[in-house]
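[1] Can you look at this prediction? I've put the sequence above it.
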Amino acid sequence: MKRSQINDIMRKALAFAEQMNFLLPPFVHWSPQDWQNIGQEYDEIRDNMLGWDITDFGGGDYDKLGLLMITLRNGSFDNESYVKPYAEKLLIVQEEQVTPYHFHWSKMEDIINRGRGNLMIKVYGSTEDEALSQAPVMISKDGCNYEVEAGTIVKVLPGESLAIPARQYHKFWGEKGTGTVLVGEVSKVNDDFVDNRFLEKMGRFPKIEEDEEPLHLLYNEYPAAK
């Protein structure tokens, strides 16, 4: 991805969040220059991967295969200094923009449609060797628990949510013709370096072509504290 594309995605995300009246914490707005003066008191942001996360999953076509996430709060798998057992993210999902099949070995999450378009989530269980299972899938949608066939697409309307347990494959996208979706994620602690299992091999973090200066830093670009 080009840095200019990432900057444009960030600008549009900030405008969309403001339009949807979703207020973001100050660190989301910090510039690279701001980060040069951020001390150790903000190590929780660095250590727990808070902030911007934009990926095209290595496919080179963000609008077709991609996702924007902003991690708002998070604990840690292995650092006892951080006691939060939970995480929260904001996601922005475009119409027909796919986040590919994946599951998490440890994390359970609620995926919440915060507004605008409809979110489509296709679900499968997983086998012992981590392939797609053809067994029925248990669904928990806003307190309603029921069984569906493997490969069912669950439509999550604005205000609705779907609970995704560990080891349940899911992919999602915005339904065509309904608009961009503001998505919330509430989950157990999140660690994208060790807890993602994609069905097909792909890149989790983008390779960036630096064609202009960054507007905001991605969470894996923070400088060390001074």
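    Cool, got the structure.
[2] Would you mind stating the distance between Trp35 and Asn74?
    18 Å (CB to CB, to the nearest Å). (Each C-beta comes from the backbone N, C-alpha and C, glycine too.)
[3] What of Glu41?
    To Asn74, Glu41 is 17 Å away according to CB to CB.
[4] Just want to know which of these two has more residues nearby.
    Between Glu41 and Asn74, counting by other CB atoms under 10 Å, Asn74 is the more crowded of the two (23 against 8).
[5] List the residues that contact the residue most central in space within the chain.
    By CA atoms, centre = their mean, the chain has its centre lying nearest to Met69, at 4.2 Å. The contact partners of Met69, by CB atoms under 8 Å, 6 or more residues apart in numbering, come to Trp52, Asp53, Ile54, Lys89, Leu90, Leu91, Glu185.
[6] Swap in 7 Å and give it another go.
    Asp53, Lys89, Leu91 (CB atoms under 7 Å, 6 or more residues apart in numbering).
[7] for Met10, same thing?
    Trp52, Leu215, His216.
[8] Neighbours of the residue nearest to Lys207 when sequence neighbours are not counted, how many?
    Nearest residue to Lys207 in three dimensions, chain neighbours excluded: Met1, at 7.2 Å (CB to CB, 6 or more residues apart in numbering). Met1 has 18 neighbours, counted by other CB under 10 Å.
[9] I'd like the distance from Met1 to Phe57, if you could.
    Counting by CB to CB - Met1 and Phe57 are separated by 11 Å.
[10] Just the element for the closest residue to Leu218 other than its chain neighbours, please.
    Distances taken as CB to CB, 6+ apart put Trp52 closest to Leu218, at 5.0 Å, once the chain neighbours are dropped. According to DSSP states H and E, Trp52 maps onto strand 51-55.
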